[in-house]
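How does the following fold in three dimensions:
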Amino acid sequence: MSPRTISRNQLLQREQELIEIARTLVENQCLTTLTIDKLVAASPYSKGTIYKHFLSKEDLLLAICNTCMQEIKALFIRALKFDGSSREKMVAVIVSYIIWAKLHPSQLFAVLSAHSPSVAARSSDENNAIHQQCEAELMGLMNVEIGKAIESGDFDIPAEMTFEQVTFALWSSTWGSLALIMSKGNSIKLQPMILERESFTNTRLILDGFNWRPLSTDWDYHKTIKKIAEDIFQPEIKALEDKGTPFIFN
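So this is what the prediction gives:
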């Protein structure tokens, strides 16, 4: 009897099923303990079948990261539909990033770990290409909005800077807040820090430093944040409440 063949769509569906099982393992257990053997035990598929999809644990990790980045991109797109100024749209993007991180705290570190050169080296060409494409698409979304802000007169990009540098300043600041505060454990210095407050403080400092208008002295961005949550992200805000980790507005 010849072996059963499955279509490309079926392969992709099975691969996504395995990624979702692995994501659940990461959330319920620990990123550092994720292995192919654990995925085999948690799934209805054999190790041989799983290795048809992922070359290694690192390849699986990169696949998780790529899926997460696609989710983040979808949230960014929703955020940028907010009916407000260009700076309010930037704030909306930060809101969406915080929401995703709070919904998937352990996977935040999966995304971070996937940037390691060792992960790329042990992953498939396909997953590496997808990862690069995801990064380019996220950067592209932000670059378009920076261009619109310049056209509207809200923002004058410094002559020595590129769009990518502006995006990196916002990304690295928010990422740093998320990574440090969400992994603070028993740190005495980090214990008083509030994820939302510190993230928005950093965003305010960067955007005011860029003279991105309206400045925080000229606009109530606390009201903007609440309106973003009410108008765009109410389902996610409700999910955070149900999870016991509500979005903190003050």
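
alpha carbons only for contacts and neighbour counts from here, please
Will do.

Output stretch 86-100 as PDB - backbone C-alpha positions only.
As requested, the backbone C-alpha atoms of stretch 86-100 are provided in PDB (Å, rounded to 0.1, in the frame of the first residue of the first chain):
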ATOM      1  CA  SER A  86      -0.300  60.900  13.800                       C
ATOM      2  CA  ARG A  87       1.000  60.900  17.300                       C
ATOM      3  CA  GLU A  88      -2.100  59.400  18.700                       C
ATOM      4  CA  LYS A  89      -1.700  56.600  16.100                       C
ATOM      5  CA  MET A  90       1.800  56.000  17.400                       C
ATOM      6  CA  VAL A  91       0.400  55.700  20.900                       C
ATOM      7  CA  ALA A  92      -2.300  53.300  19.600                       C
ATOM      8  CA  VAL A  93       0.500  51.100  18.300                       C
ATOM      9  CA  ILE A  94       2.200  51.100  21.700                       C
ATOM     10  CA  VAL A  95      -1.200  50.200  23.300                       C
ATOM     11  CA  SER A  96      -1.600  47.200  20.900                       C
ATOM     12  CA  TYR A  97       2.000  46.000  21.700                       C
ATOM     13  CA  ILE A  98       1.400  46.100  25.400                       C
ATOM     14  CA  ILE A  99      -1.900  44.300  25.000                       C
ATOM     15  CA  TRP A 100      -0.400  41.500  23.000                       C
END
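
distance between stretch 198-205 and the chain's centre?
Its chain's C-alpha centre lies 17 Å from the corresponding centre of stretch 198-205 when counted by Cα atoms, centre = their mean, to the nearest Å.

What residues sit buried inside that stretch?
Of the residues in stretch 198-205, those buried under the neighbour-count criterion (16 or more other Cα atoms under 10 Å) are 198, 199, 200, 202, 203, 204.

What mean pLDDT does it get?
Summarised as a single mean, pLDDT over stretch 198-205 is 97.

what's the answer for stretch 142-153, then?
This predicted structure assigns stretch 142-153 an average pLDDT of 97.
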